[in-house]
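Chemist: Please find the sequence and the predicted model below.
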2 protein chains.
Amino acid sequence: MQDMATRARRTQRRRQVLSREQIIDTAIELLDAGGEGGLTVRALTERLATGSGAIYYHVGTRDELLNTATETVIAAALAIKPARAPATPENEIRAVALGLFDAIAEHQWLATRLAVQLTRNPWGPVMVGIFEKIGRQVRALGVPQAAWFVAASTLVHYILGAVSQNARIDGDASGVEADVDREKFLDAASTAWQELDPADYPFMHAISGQVREHDDREQFLAGIALVLDGITNLR
Amino acid sequence: MQDMATRARRTQRRRQVLSREQIIDTAIELLDAGGEGGLTVRALTERLATGSGAIYYHVGTRDELLNTATETVIAAALAIKPARAPATPENEIRAVALGLFDAIAEHQWLATRLAVQLTRNPWGPVMVGIFEKIGRQVRALGVPQAAWFVAASTLVHYILGAVSQNARIDGDASGVEADVDREKFLDAASTAWQELDPADYPFMHAISGQVREHDDREQFLAGIALVLDGITNLR
DNA sequence: ACACTTATGGTGCGCTGTTCCATGTTGGAA
DNA sequence: TTCCAACATGGAACAGCGCACCATAAGTGT
């Protein structure tokens, strides 16, 4: 009878304990902890003490859940209010860029996922949200309408690329892949470039020293300034 | 004669039925046909009439094979000689960009894979190859050395992003109706933007008409021109 | 009390990458 | 010529995955 009681308790159902938001939040936690491979339906069911049926009922397939998680995080990142700097278009753009920078720093899996979104669903809610946010400021810069698209996409692509390239796990060492420290990483890259044959790779060899004492954020903003300069020349 | 040459070179290993290049080529074929999911160890063993042991012996894990395939295709794309245009740095950069453009058009899986390389192995052979090729021309443009890295990375990120965004996603390998699909695709995007609430998405709504009559390549080159303009201003 | 929808937990299928190992093959030493 | 260690191969076995499917409990309108 203990068997029966246990079984009865174990198979007991809950009433509406599971919500879509709860699943998404847990999925983001799993992604943050274990990267894209850390999100499995089985891990979700275990963490939420439920079955796979409930998961699929609420959020659909794993891929859909992955997209939803991306949309959620990006929407949150785009919704942050800019700092108390004067609200010039340039500052707004910088704010958006740094918001994405921080979002990817916090959720490393975003780097890969954003790229997937860019190619597989270029005009889905994620990219539309980013484009809209950037595009408005481009328009505010006084760029002629014919160049709006080019200007916005140049900014977006640089931002996404630079941010993805700079993505590292800082602080938390619980990542799946034993990622070395940022400094060690840059050191390794720098020495690797120096060991390249200068005849074959003169450029990488020449800039191998630069990367050692460069500040990520500063470089990032310098790149944005470069693009902004090109954009303002369109007027 | 091959036998004689082989025999003459005493260091030559014993004859292999399966070669590393053969596996890589077949892998690229599978990727072109079925995307990233089309490359499975079992499909490889079937196509090559061998076992999984041989595959792992020659090219390692699936992920390593994926990276190798990417390196192979990118190296080939970077090795193409520029057109008969005057060899100015600007033209060389355009040639590299269009080479990558065409490579991704031919191998759609590259878009996602390049993004993965950018984040997971930013200074591996693939990215180093691209950076080197672009960086040399940046240097030739007369950019001060302190700005080399920023200028090169801005170009690279715009190129990779724009090219990935323009990559088609037709599951069919036929490629016959690629243009038709492309047109439908842009039409769908355009109408989708028009149906967005202009209050929430004024920018996307405003440029929804542009995308209908825009030429991919032209837009792409316009973006490069924009970045080049910003770069030359660094002098 | 009844049928019907919603929500849930669990099982099983087909597929995957990878490891391991017995076997075939080869070039050169003995 | 004989033999052997290293190379190369094919396939079986394993653990893991996403997902379809199902039986059923809980909620809801009638």
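Modeler: Nice, I can see it.
Chemist: And the residue of chain A closest to DNA strand C?
Modeler: Ranked by C-beta to the nearest atom of the strand, the top residue of chain A for proximity to DNA strand C is residue A:53, at 2.0 Å. The way it works is simple: take the backbone N, C-alpha and C, and place the C-beta from them, glycine included.
Chemist: Backbone dihedrals for that residue, both of them.
Modeler: When read as degrees, to the nearest 10, the backbone of residue A:53 gives phi -60, psi -40.
Chemist: Where does pLDDT dip in chain A?
Modeler: A:1-17, A:168-181 (pLDDT under 70).
Chemist: how about the helices in it?
Modeler: Here chain A has its helices, by DSSP state H, at A:2-10, A:20-34, A:41-48, A:52-59, A:62-79, A:89-106, A:109-120, A:125-140, A:148-166, A:182-194, A:202-207, A:216-232.
Chemist: Pull out the buried residues from the shortest one.
Modeler: It stands for helix A:202-207. A:203-207 (16 or more other C-beta atoms under 10 Å in any protein chain shown).
Chemist: now the fifth one
Modeler: Applying a neighbour-count criterion of 16+ other C-beta under 10 Å, the buried positions in helix A:62-79 are A:65-74, A:77-78.
Chemist: Can that helix be said to contact DNA strand D?
Modeler: Yes. Helix A:62-79 is in contact with DNA strand D by C-beta under 7 Å from any atom of the strand, via A:62-63.
Chemist: picking that back up, show me which pair in the buried residues of helix A:62-79 is furthest apart.
Modeler: The distance between the two most remote of the buried residues of helix A:62-79 (C-beta to C-beta) is 20.4 Å, for A:65 and A:78.
Chemist: touching chain B at all, stretch A:118-137?
Modeler: Yes. Using C-beta under 8 Å from any C-beta of the partner chain, we find that stretch A:118-137 touches chain B at A:118-120, A:122-123, A:128, A:131-132, A:135-136.
Chemist: Identify the farthest-apart pair in those residues.
Modeler: A:120 and A:136 (25.4 Å).
Chemist: Quick one: distance of stretch A:191-211 to the chain centre.
Modeler: Relative to its chain's centre, stretch A:191-211 lies at 29 Å (C-alpha atoms, centre = their mean, to the nearest Å).
Chemist: What residues of that stretch count as buried?
Modeler: Counting neighbours by 16+ other C-beta under 10 Å, one finds that the buried residues in stretch A:191-211 are A:193, A:196, A:201, A:203-208, A:210-211.
Chemist: How about that stretch and chain B, touching?
Modeler: Yes. Contact between stretch A:191-211 and chain B is present through A:192-193, A:196, A:201-204, A:206-207, A:210-211 (criterion: C-beta under 8 Å from any C-beta).
Chemist: what does that stretch contact?
Modeler: A:186, A:189-190, B:123, B:128, B:131-132, B:135-136, B:138-139, B:145-146, B:148-149, B:152 (C-beta atoms under 8 Å, 6 or more residues apart in numbering or on different chains).
Chemist: ok, back up a step: ok, so of the buried residues of helix A:62-79, who is nearest residue B:49?
Modeler: residue A:66 (36.0 Å).
Chemist: how far away is the closest one from residue A:112?
Modeler: Distance, residue A:66 to residue A:112, using C-beta to C-beta, to the nearest Å: 10 Å.
Chemist: Now for the two: what residues contact both?
Modeler: residue A:36.
Chemist: Quick check, central residue of chain A?
Modeler: The residue lying closest to the centre of chain A (C-alpha atoms, centre = their mean) is residue A:110, at 3.1 Å.
Chemist: Need the residues that contact stretch A:81-98.
Modeler: A:78, A:80, A:130, A:133-134, A:137-138, A:140-141, A:155, A:159, A:163, A:217, A:220-221, A:224, A:228.
Chemist: circling back: number of residues surrounding the residue of chain A closest to DNA strand C?
Modeler: 9 (other C-beta atoms under 10 Å in any protein chain shown).
Chemist: hang on, the earlier thing: can I get the residues of stretch A:118-137 next to chain B in TSV including neighbour count and distance to DNA strand D?
Modeler: Shown next, in TSV, are the residues of stretch A:118-137 next to chain B (neighbours: other C-beta atoms under 10 Å in any protein chain shown; distance: C-beta to the nearest atom of the strand, whole Å):
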residue	neighbour count	distance to DNA strand D
A:118	26	21
A:119	24	18
A:120	16	14
A:122	18	21
A:123	19	22
A:128	20	24
A:131	23	28
A:132	19	29
A:135	25	33
A:136	20	36
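Chemist: pretty sure residue A:135 is touching residue A:148, no?
Modeler: Yes. With contact defined as C-beta atoms under 8 Å, residue A:135 reaches residue A:148; the gap is 6.4 Å.
Chemist: Run through the residues that contact residue A:119.
Modeler: B:108, B:111-112, B:115, B:164-165, B:167, B:169.
Chemist: one more time with 6 Å, if that's ok
Modeler: Listed by C-beta atoms under 6 Å, 6 or more residues apart in numbering or on different chains, the contact set of residue A:119 reads B:111-112, B:164, B:167.
Chemist: Nearest spatial neighbour of it, chain-adjacent residues omitted?
Modeler: residue B:111 (4.1 Å; C-beta to C-beta, 6 or more residues apart in numbering or on different chains).
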